[in-house]
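Novice: What follows is a protein structure lacking sequence information:
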């Protein structure tokens with residue numbers, strides 16, 4: 001993607017309690033968590049009251065939360081199980 005789209009790739013190391021703030025158009029990712037410890041992140045979104053509501057971030061009338069569209073149908077395997085599959089134990 002860096003070569004195809006001309007992005008600049010940057011890396012950084014963070015410690016517990018570090019905070020990083022992205023604009024809503026910042027493409028970002030993280031390396032796979034290969035430890036046996038949880039990695040916790042919190043996403044908080046702000047917008048002007050007059051802007052159209054992004055339905056991904058609001059509960060529906062029936063009380064369900066649709067989540068982000070790219071997570072629909074996703075399944076998750078616990079990190080401990082993945083480490084066993086990968087031979088990392």
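Specialist: Nice, thanks for sending it over. The structure displayed is predicted, hence computed values, not measured ones.
Novice: Distance of residue 16 relative to residue 31?
Specialist: Look at residue 16 and residue 31: by CB to CB, to the nearest Å, they are 16 Å apart. In short, each C-beta sits where N, CA and C put it, glycine included.
Novice: actually residue 63, sorry about that
Specialist: Using CB to CB, residue 63 is found at 35 Å from residue 31.
Novice: Would you mind listing the outside residues contacting the longest helix belonging to the chain?
Specialist: For the chain, the helix that runs over the most residues, judged by DSSP state H, is helix 79-86. For helix 79-86, contacts defined as CB atoms under 8 Å, 6 or more residues apart in numbering pick out 33, 34, 35, 36, 38, 77, 89.
Novice: so which of these is the most crowded?
Specialist: Within these, residue 33 tops the neighbour count with 12 neighbours, counted by other CB atoms under 10 Å.
Novice: excluding its backbone neighbours, what's nearest that residue?
Specialist: Take residue 33 and drop its neighbours on the chain: the residue closest to it by CB to CB, 6 or more residues apart in numbering is residue 39, 4.7 Å away.
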